[in-house]
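Participant: no FASTA, just this:
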């Protein structure tokens with residue numbers, strides 16, 4: 001397996017979907033509790049990246065093995081297209097899973113059972129995302145699970161590890177963090193929605209009936225646009241409620257860019273041309289939210 005094959009197999013370009021929620025959780029923890037525990041946070045970051053890579057390899061592996069469309073299996077999926085040995089893929093899956101698990105167990109030892117429950121939930125979603133007779137990715141719930149797990153749970157675990165002695169499990173605390181994580185949650189869900197929009201025919205040929213199959217293309221595009229608007233509203237609300245510094249409002253300067261990318265996806269839903277619109281919105285929107293949050297902390 002070449003380095004290029006490995007990077008495509010683990011979908012390295014999509015890692016912003018996990019790194020940026022981690023960073024916004026770090027910002028929130030420092031802004032509200034004034035504390036960050038470097039060892040726990042660093043270990044969590046490594047475990048998170050390892051497991052995220054496992055999920056993407058696992059997804060490609062299951063898509064290849066369960067494909068009903070032989071053209072997809074041979075020409076589109078990286079395993080078939082590059083002729084990668086399944087035994088090699090299985091060894092990589094084992095290494096990534098065990099590495100993330102061992103670090104997770106050590107974090108449970110350092111910080112307590114809540115990490116076991118939260119991490120266990122994330123592991124379960126990651127495994128069931130593409131495994132079993134009805135994988136989450138082939139159901140109309142895929143957007144919900146991917147957005148909630150990566151957008152909210154990653155931030156929640158980061159905040160808890162950074163400030164476990166100060167963090168409280170009250171409804172208000174969870175709501176505050178949910179609002180901070182909501183832009184990422186929606187943009188990550190939109191990433192999967194855009195992917196399913198572009199892959200509608202291919203998914204149906206593989207007996208994958210996603211949300212787009214049930215809503216139709218036009219309603220799915222309306223949902224994509226609504227989620228973008230709600231993400232921007234959440235940014236206004238988090239500043240209004242004192243959950244983020246006023247500098248985070250600078251993220252709203254991206255409205256013309258988000259509108260433009262949104263419009264491009266409405267015009268055509270082609271994987272090689274417009275799926276990148278959702279990636280750009282997530283990457284630039286989330287990165288700007290993090291950078292303006294950091295700016296507010298230091299001024």
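Facilitator: Arrived safely, thanks for sending. The model shown is predicted, which means the values in this text are computed figures rather than measured ones. Residues are numbered from 1 along each chain as shown.
Participant: show me the contacts for the closest residue to residue 143 other than its chain neighbours.
Facilitator: Nearest residue to residue 143 in three dimensions, chain neighbours excluded: residue 189, at 4.2 Å (Cβ to Cβ, 6 or more residues apart in numbering). In short, each C-beta sits where N, CA and C put it, glycine included. Applying Cβ atoms under 8 Å, 6 or more residues apart in numbering, we find residue 189 in contact with 143-144, 146-147, 151, 227.
Participant: contacting residues around residue 152?
Facilitator: With Cβ under 8 Å, 6+ apart, residue 152 has these contacts: 21, 177-178, 181-182, 184-185.
Participant: gap between the host helix or strand of the residue nearest to residue 143 and the chain center?
Facilitator: Assigned by DSSP states H and E, residue 189 belongs to helix 171-198. Distance, stretch centre to chain centre, for helix 171-198: 8 Å (Cα atoms, centre = their mean, to the nearest Å).
Participant: Buried residues, the helix or strand just after that helix. List them.
Facilitator: Scanning forward in sequence from helix 171-198 by DSSP H and E, the next helix or strand is helix 200-205. If you call a residue buried by 16 or more other Cβ atoms under 10 Å, then helix 200-205 has these buried ones: 200, 202-203.
Participant: which residues of the stretch 1-150 of the chain score low on pLDDT?
Facilitator: Judged by pLDDT under 70, the stretch 1-150 of the chain has its weakly predicted residues at 67-73, 75.
Participant: In the stretch 151-299 of the chain, mark out all the helices, start to finish.
Facilitator: With DSSP state H, counting those that start in this stretch as the criterion, the stretch 151-299 of the chain has helices at 154-162, 171-198, 200-205, 211-215, 217-240, 255-267, 271-298.
Participant: Now do the helices in the stretch 1-150 of the chain.
Facilitator: Using DSSP H, counting those that start in this stretch, the helices of the stretch 1-150 of the chain run over residues 3-9, 16-33, 38-66, 70-71, 78-81, 86-111, 113-128, 142-146.
Participant: by contact count, what packs against the fifth one?
Facilitator: Looking back up the chat, that one is helix 78-81. On a contact count with 3 or more Cβ pairs under 8 Å, 6 or more residues apart in numbering; DSSP states H and E, helix 78-81 meets helix 3-9, helix 38-66.
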